[in-house]
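Colleague: for reference, the sequence and a predicted model appear below.
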Amino acid sequence: MRFPTPLLAGRLLKRYKRFLADVALDGRADPVTAHCPNPGGMLGLDSPGSAVFLSASDRPSRKLPWTLEIVAVDGTLVGINTGLPNHLVAEALAAGRIAELRGYPGVRREVPYGARSRIDLLLEAPGRAPTFVEVKNVHLCRRPGLAEFPDCVTARGAKHLDELAAMARQGARAVMLYVVQRADCQAFALAGDLDPGYAAAFARARAAGVEAYAYACGVERDGIALENPLPLAI
């Protein structure tokens, strides 16, 4: 996935109200307020002074033209936009880069299912059970080389796991796919200390037959792409 226009560099001044960030853009006298497309805790990624990169939009309907896309941490670029992983996975599926999910010519997005939910991706192929794929963005790294999810309590995430488990019990294939928007991790684990409820829901889902995979991304200023699988340290 390529950014349609070059990202603009700056320094984070502060993140507040979850969805707002004040940024001092390079070469500009006055700071700008950017949309922060991440409802999570962003542990280790919202320190004032961090190098950040923003995209810009000229759509008149936008209240804020700027969007925070990438934060640099210890020399690593980390994608924080939780709206991108579905696009990254769809792109990788089309290119056949996710070995566990090859062979599905039909891919539909945001299909209603469960208790008033929508599955991120529904994969379909003649003669095969439908495959429900839930995608989560991962950016937390508290120990070198280990990506973790979630970075705060997510009741919604636990609900999605329970709904995937219900699909698996009904005979469908159900997959939880974690997209790690950073390239400095060699394994993935659950942050059960941050959200024991999510860890419990994950255990229930796995017992019901839900599959789980994690993939790391290459993150650059001009684009982000799903690349290599990560082992689960669970």
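Modeller: Cool, got the structure.
Colleague: only C-alpha atoms for contact and neighbour calcs from this point on.
Modeller: Noted.
Colleague: how many residues are close by G41?
Modeller: Neighbours of G41 under the rule other CA atoms under 10 Å: 14.
Colleague: scratch that, G83 is what I was asking about
Modeller: 12.
Colleague: again with P48
Modeller: 13.
Colleague: which residues does it contact?
Modeller: 11-14 (CA atoms under 8 Å, 6 or more residues apart in numbering).
Colleague: so how far is D26 from the nearest residue to R221 once chain neighbours are set aside?
Modeller: In this structure, R221 finds its nearest non-sequential neighbour in L7, 6.4 Å apart by CA to CA, 6 or more residues apart in numbering. In this structure, L7 and D26 are 11 Å apart, going by CA to CA, to the nearest Å.
Colleague: quick one, which of the two is more surrounded?
Modeller: Using other CA under 10 Å, the more surrounded residue of L7 and D26 is L7, with 21 against 12.
Colleague: scan this structure for its longest helix.
Modeller: helix 155-169 (DSSP state H).
Colleague: quick one: that one to chain centroid distance?
Modeller: 17 Å (CA atoms, centre = their mean, to the nearest Å).
Colleague: C-terminal to that helix, what's the next element?
Modeller: strand 173-180 (DSSP states H and E).
Colleague: part of a helix, is R15?
Modeller: No - secondary structure assignment (DSSP: H, G, I helix; E, B strand; the rest coil) places R15 in strand, not in a helix.
Colleague: name the element the closest residue in space to it that isn't next to it in sequence belongs to?
Modeller: Leaving aside its sequence neighbours, R15 sits nearest to A21 (CA to CA, 6+ apart; 4.2 Å). For A21, the element it lies in under DSSP H and E is strand 20-25.
Colleague: can you tell me which residues contact the spatially most central residue of the chain?
Modeller: Residue closest to the mean C-alpha point of the chain, counted by CA atoms, centre = their mean, is N137 at 1.6 Å. Residues in contact with N137 (CA under 8 Å, 6+ apart) are 80, 82, 85, 178-181.
Colleague: now do 7 Å
Modeller: 82, 85, 178-180 (CA atoms under 7 Å, 6 or more residues apart in numbering).
Colleague: okay, those residues in TSV with pLDDT next?
Modeller: Shown next, in TSV, are the contacts of N137 (pLDDT from 0 to 100):
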residue	pLDDT
T82	96
P85	97
Y178	98
V179	98
V180	98
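Colleague: for those residues, which one is nearest L232?
Modeller: Y178 (10.2 Å; CA to CA).
Colleague: in the sheet, who's paired with the closest one?
Modeller: Beta-bridge pairing of Y178 under DSSP bridges involves K136, A214.
Colleague: what's around it, how many residues?
Modeller: 24.
Colleague: likewise for the one 5 residues further on?
Modeller: Neighbouring residues of A183 were enumerated by other CA under 10 Å; the total is 20.
Colleague: measure it to E100 for me?
Modeller: Distance from A183 to E100, by CA to CA: 20 Å.
Colleague: how many other residues sit next to the residue lying closest to R173 once chain neighbours are set aside?
Modeller: Spatial nearest neighbour of R173, excluding adjacent residues (CA to CA, 6+ apart): T131 at 4.5 Å. Residues within reach of T131, counting by other CA under 10 Å, total 22.
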